[in-house]
Structures are given as structure tokens and as C-alpha cells.
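Asker: Next comes the sequence, and after it the predicted model I'd like to discuss.
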Amino acid sequence: MSTGATPLSKAQLRSGLAAWLGWFFDGLDMHLYTLVATPFVASLLATDVRDPAVGRKGSIIQAAFLVGWALGGAFFGRLGDLLGRRKALVLTILTYACFTGLSSLAQTWWQLMLFRFLGALGIGGEWAVGAALLVETWPRAWRPWIAAVLQSAVNIGIMFACLAGFVFKHDQSNRLIFLVGIVPALVTLWIRKAVPETDAWSHARAGAQPAGIGDLFTPAARGVTFRVLGICAVSLTAHWAFMFWQQAHVRALPEIAGLEADARNTAALVALLVIMVGSMAGNFIAGALARRLGYRKTISGMLAAYFLVMLLCFHRSWTYQTTLLWFVAIGVCQGAFALFTMCLPPLFPTLLRTTGAGFCYNFGRIVAAAGTVLFGLFSRVGDFREALLYAGFLFAPAAALALLLPQEPVQSAGRSSTR
């Protein structure tokens, strides 16, 4: 994978590894719940998995997670501009590691909701801080590729979550899997010692008054802010409706629904794995296209493809094997979100960078939280195909909105400016 750019320094490599590890553990911690959501919530409610209350409470817990993710993006994004990228990165990882582990102790559905909400604060914050860290340390010519590598870290983290699901699939309590989420806390010891603060933040912060969220809506910035808010809100609503409800859809397929619990869990794990395989391929396809077409056209095109594949996948019922093939294609389309990492932060000034990217991207998650509940409430009991079909239609306007994003040119090979 040659970019033609100058070699990377040790400091840049360490920053890249720190962000990659943060995103890897993001993926791990965020999906531990989705793997056991239905049976765990059913056990907390002392009812059967087919009870409609399980779907309602499960979607409310996921909505709380997405709201926490959004608020965490704004809160830790602000800390990233005030305290620096490195310190904020450490705080985000510690937050999601501790509260994911505490989810194993939940005794009621609302306690689980609280732990998921608090853990999500850190997961949401890590996105903005990690993205800004790399935008300010890595050359522009590398950015489409590092965006793909970073997003693949999330995919690999989700795969490790699936591995944890296989390891703990015989755990009838569905609690032990959350203890895996504590592991990320250990990486903060290395980040504090090995990763330097970025020069861009240090120079901008010297003698300057920190910007606030209100600065996102000044005449100079609000045009960018509203466009980024729009694309994030619509695209993430559709994406997260799929990522959460696809597990319930797989478990409800006729050939899966009648299986024993272990077999149903395995079928759901395999479905998530094939999505991640497709998504990893999509990340690098997106990076290659972005170098030729730019971020805006590539994001728009891949979101349009997401809409078409969702329509084909959910306009009728398919067998489990055919559904897996469609899920691979959906995963490829998810490469669009890899480009958000490098596309959005540079649209904002340095001292507004993690605040702006964190606020806008995570505002989309608040809308997505409402969408997750909405599509869950209006789906027929035991059949989530229609809900997923309707969610997929949102990718059409998302593709159109993406064309309104400001275009930051992807630098051609051979130049290495970090700005």
C-alpha cells in the first residue's frame, strides 16, 4: 500500500497505534451487548425471549447507549480541545472499559441501560479524539488509507467480540462476556507514556482562548456545521437501525428460530462476522475511491449503494445462507463511514476540531437512538424485516446530503503536508 508520501516518524506511528487500539476496543466494547441483548434482557425481565417487552426494553437500552455515545462525543470532544488529544484519549478508554465491565453486574434492565449509557460516553468521545489525533499528526496523502485502517480496527474489535461470544456461548447468565470489556483499561498505561501531544494542538492552544460549542454556529462556521449535522443524522440512523436489528432478524428467520439457544447464538455471531468481513473490504475500497474521486463523491456513492443493497436484502424473505451473502454486500457499503474519520475533523479549525467533529457526528447518534426505538416499536412481533427495509430507505436522502459536504481535496501522492 504505497502512498508516495514521506516515511512516518516514530511519534506518528505511536499516535497511529494509539488511535487504532482505541478504535479496536471501541468495536469490542460496543458490540458485546448486541450479541447477548435478546437473551440477557429476557433474563433480567424474567420472561421468554419472544415476549414483546424484550424487544421494547432492548431497543430502549440501545437507544440510551446511542444517546450516551452522542453526549460523550460532545463532552470528550470538548475535553480534547481543552486538555489535549492524548489526555482525552486516555479518559475515553478508561470510561468505556470500566462501565462495560460493570454491565456484568446489572440486576435489572434499567441498571444495564445505565451502565451502557455511561460506557457509551467514552466510546463516543474516543471517535472524535482519535480522529483529531491522526489528522494532526499524519500526512494528508496517507489519510484515505489510515481512515480505512482505523475503521478496520473497529471491525476487528467486533470480530473479537464475536470470538468472546463463541467462548462464552455456554454461559447461561450472559454476563461473563462483559468482563472482556475491562481489558482496554490496560492500554492507557502505554498511551500515557509513549504517545506525545500533537504539535498542532500545542501551538494553537498557546495563548489562545479555547473555542466552545457556540462557535460552531457563528456565521463563519454554521454552514459547515449544519451540513455535517444533516449527513450524520440521516446516515447514522439508518446504519444503526441495521446494526442493532439485524441480530434479531437473523434469530427470527424460520430456519433459525426453531433451533436451540446455542445454535441461534452461533447463527447470529456468524451473521455479524460476515458483515465485518465485508466492511473491512469496504473500508479499503472506500480509501481507493476517495483518492480518485474525493471524499464527497465516494461517501455519496457508497451510501447510495447501501440503500440499494438494503432494498434488495429486505424487500422479501431469504434463506439464512442467502441473507449472509447480502450481509457481506451491506458490509462493503459501510466503508463510507471509514471516510468520515478523516473527512470531518479538518473541516473545523484546530481548537474547534474535536468539539466540531464530536458534536456533529454524535448528534447523528441521538437521532439514530430515536430511530432504533422507532423501527423496533413499529416492527411486527418476531419479524424485523420490514423495519430494516424502511430503515434502508433513509440511505437515499443520506446519499444526496453527502453531496452537500464541503470537499477537502485528497492530496495526491508525493506530498506530505499534515494540513
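Answerer: All right, it came through fine.
Asker: Quick one: residues contacting T322.
Answerer: T322 makes no contacts at all, as judged by CB atoms under 8 Å, 6 or more residues apart in numbering. Just so you know, the C-beta spots here come from the backbone N, C-alpha and C atoms, and that holds for glycine as well.
Asker: Okay, now the unreliable bits of the chain?
Answerer: Within the chain, the stretches with pLDDT under 70 are 1-6, 207-212, 365, 369, 371-383, 407-419.
Asker: residue boundaries of the strands in it?
Answerer: Per DSSP state E, the chain carries no strands over any range.
Asker: In it, where's the longest helix?
Answerer: Ranked by residue count and defined by DSSP state H, the top helix of the chain is helix 10-45.
Asker: what residues are up against W69?
Answerer: Counting by CB under 8 Å, 6+ apart, W69 touches A120, L121, I123, G124, N362, R365.
Asker: chain center to the longest helix of the chain, what's the gap?
Answerer: Going by CA atoms, centre = their mean, to the nearest Å, the spacing between the C-alpha centre of helix 10-45 and its chain's C-alpha centre is 9 Å.
Asker: for it, which positions count as buried?
Answerer: If you call a residue buried by 16 or more other CB atoms under 10 Å, then helix 10-45 has these buried ones: 12, 14-45.
Asker: Then stretch 111-124?
Answerer: Residues of stretch 111-124 classed as buried: 112-124 (neighbour count, 16+ other CB under 10 Å).
Asker: Let me have the residues you listed in JSON lines, adding distance to R291 as columns.
Answerer: Output for the buried residues of stretch 111-124, formatted as JSON lines (distance: CB to CB, whole Å):
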{"residue": "L112", "distance to R291": "43"}
{"residue": "M113", "distance to R291": "42"}
{"residue": "L114", "distance to R291": "44"}
{"residue": "F115", "distance to R291": "41"}
{"residue": "R116", "distance to R291": "37"}
{"residue": "F117", "distance to R291": "38"}
{"residue": "L118", "distance to R291": "39"}
{"residue": "G119", "distance to R291": "35"}
{"residue": "A120", "distance to R291": "33"}
{"residue": "L121", "distance to R291": "34"}
{"residue": "G122", "distance to R291": "32"}
{"residue": "I123", "distance to R291": "29"}
{"residue": "G124", "distance to R291": "29"}
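Asker: Need the max-distance pair from these.
Answerer: Greatest spatial distance among these (CB to CB): L112 and G124, at 18.1 Å.
Asker: What count of nearby residues applies to P219?
Answerer: Neighbourhood size, P219 [other CB atoms under 10 Å]: 6.
Asker: Spit out the contact partners of it.
Answerer: By CB under 8 Å, 6+ apart, the contact set of P219 is empty.
Asker: For it, give me the backbone phi and psi.
Answerer: Reported as degrees, to the nearest 10, the phi and psi values for P219 are phi -50, psi -30.
Asker: where's it relative to A42, distance?
Answerer: P219 sits 52 Å away from A42, going by CB to CB, to the nearest Å.
Asker: just G16 next, same as before
Answerer: G16 is 41 Å from A42, by CB to CB.
Asker: Okay, now stretch 129-147: how far is its last residue from its first?
Answerer: The first and last residues of stretch 129-147 sit 14 Å apart, counting by CA to CA, to the nearest Å.
Asker: Give me the distance from that stretch to the chain's centre.
Answerer: Here stretch 129-147 shows a centroid-to-chain-centroid distance of 17 Å under the convention CA atoms, centre = their mean.
Asker: Give the buried residues for that stretch.
Answerer: Neighbour-count burial for stretch 129-147, counted by 16+ other CB under 10 Å, picks out 129-147.
Asker: do stretch 188-199 as well
Answerer: Of all the residues in stretch 188-199, those buried under the rule 16+ other CB under 10 Å are T188, I191, V195, E197, T198.
Asker: Quick check, A153 in contact with G27.
Answerer: Yes - at 6.8 Å, A153 counts as touching G27 under the criterion of CB atoms under 8 Å.
Asker: Of the buried residues of stretch 188-199, which is the nearest to L405?
Answerer: Distance to L405, by CB to CB, is smallest for T198 among the buried residues of stretch 188-199, at 24.3 Å.
Asker: who touches the closest one in this structure?
Answerer: Residues near T198 by CB under 8 Å, 6+ apart: S15, G84, R85, A132, L133, E136, T137.
Asker: Phi first, then psi, for it.
Answerer: With angles defined as degrees, to the nearest 10, T198 sits at phi -80, psi 140.
Asker: Same question for A220.
Answerer: Residue torsions, per degrees, to the nearest 10, at A220 are phi -70, psi -30.
Asker: That one: neighbouring residues, count only.
Answerer: Residues lying near A220 (other CB under 10 Å) number 9.
Asker: ok, so what distance separates A248 from T355?
Answerer: The separation that A248 has from T355, given CB to CB, amounts to 35 Å.
Asker: Would you mind telling me which of the two has more residues around it?
Answerer: Legend: neighbour count by other CB under 10 Å for A248 and T355, higher for T355 (29 against 24).
Asker: And that one, how far from F395?
Answerer: Counting by CB to CB, the gap from T355 to F395 is 28 Å.
Asker: thinking again about what came up before, in terms of distance to L79, which of the buried residues of stretch 188-199 ranks first?
Answerer: Nearest to L79 among the buried residues of stretch 188-199, counting by CB to CB, is E197 at 13.4 Å.
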